[in-house]
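> structure of the sequence below:
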Amino acid sequence: MTEFRPGRFQILPPIVKNLIIINSLLALLQFVILKFGIDLSDHLGLHYWRSTLYRPWQLVTHMFMHGSPYDVNLTVMHLFSNMFALWMFGSILENLWGSKRFIIFYLICGLGAAFLHLGVLHLEFSQVEKSFQLFQNNPTLDQFMQFIKQRVTGGVRNPDEVNRILFQWQNDPGSQRLSNQAVQWAYEYLHGYRAGGQHVHGFFDQATVGASGAVFGVLFAFGYLFPNTLLYIYFLVPIKAKYVVAAYALFELFAGVKNSAGDQVAHFAHLGGMLVAFIILKFWSRNERRNFY
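Next comes the predicted model:
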């Protein structure tokens, strides 16, 4: 059963309040320490486990990071959207369940989102690694051009080097020296390289940050427990919570499968948060049929 306890509702309960404070402080801190040449997302953002930047604690710490120290507007919008949703829906759940149960739910949803996201990355990156292995085993000019066409997405940090290799290799297709240089370039594109004592990011080094996975779990829980509550889209259009949650889930699934170029949103992490939320809620309801909170 899902009902509030009279007289105990807090507009900003302690866990939600402290989560907002911690996320806001870390968003500010990343801009401060960037002045010392430190990108906080390298240490606290979630990295693919084959990246040299991966650390186990990132499974948790990525939930408290937002945006990028190189883009103030992106950081503000990312932080505000997540924290507003956390306050709007999380406050109700924390009042309903209590602080201890809410933080357990929140963290488990975030962890579940991280694991699903890493699983999807593994499927994607395994194909890229396989293409590299094929090229490494047969480093011809045609294979190099095919690798670039199929697997090199977005811009590269050293396009002049690629163009030099391609130009010289076309004039000397049997060159072992250029073959080795092409393999080295492809390896560094994927895994990064050292320059000036610092690690220059490769394709496998992209970081995932944000509380969205956990927040989507919170949103799902609200829609699951209060399905007929009206939510006002743009403060004007009333839609029942269950339809909002369903629409979000379908959109994230569609966007994740489509995987559009330039889309940097971890859609499967959002779905992971929702899926874990569903599992937790079913487990709790099965074990506490007469008193859900």
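> where along the stretch 51-200 of the chain do the helices fall?
Assigned by DSSP state H, counting those that start in this stretch, the helices in the stretch 51-200 of the chain fall at 58-61, 72-85, 91-97, 99-137, 141-151, 159-171, 176-191.
> backbone dihedrals for the residue nearest to the spatial centre of the chain, please?
Residue closest to the mean C-alpha point of the chain, counted by CA atoms, centre = their mean, is T208 at 3.8 Å. Phi and psi for T208, reported as degrees, to the nearest 10, are phi -110, psi 130.
> distance check, it against L111.
The gap separating T208 from L111 is 13 Å, by CB to CB, to the nearest Å. For the C-beta atoms, the positions are set from N, CA and C on the backbone; glycine is no exception.
> what of S285?
Computed as CB to CB, the S285 to L111 distance reads 21 Å.
> and the gap between the residue nearest to the centre of the chain and L53?
T208 is 12 Å from L53, by CB to CB.
> so which of the helices of the stretch 51-200 of the chain is nearest G213?
helix 99-137 (2.3 Å; CB to CB).
> tell me the phi and psi of P56?
Dihedral angles (degrees, to the nearest 10) for P56: phi -60, psi -40.
> what about it, neighbour count?
Other residues within reach of P56, judged by other CB atoms under 10 Å, total 8.
> contacting residues around it?
Contacts for P56 (CB atoms under 8 Å, 6 or more residues apart in numbering) come out as none.
> just the pLDDT for it.
At P56, the model reports a pLDDT of 95.
> do the one 5 residues further on as well
Turning to T61, the model gives it a pLDDT of 97.
> ok, now the one 4 residues further on?
Reading off the per-residue confidence, M65 sits at a pLDDT of 95.
> contact partners for the closest residue to E188 other than its chain neighbours?
Closest residue in space to E188, ignoring its immediate chain neighbours: G202 at 6.4 Å, by CB to CB, 6 or more residues apart in numbering. Applying CB under 8 Å, 6+ apart, one finds that G202 lies in contact with S51, E188, Y189, L190, H191, G192, Y193.
> and the gap between G202 and N180?
18 Å.
> for S126, same thing?
Applying CB to CB, the value for S126 to N180 is 25 Å.
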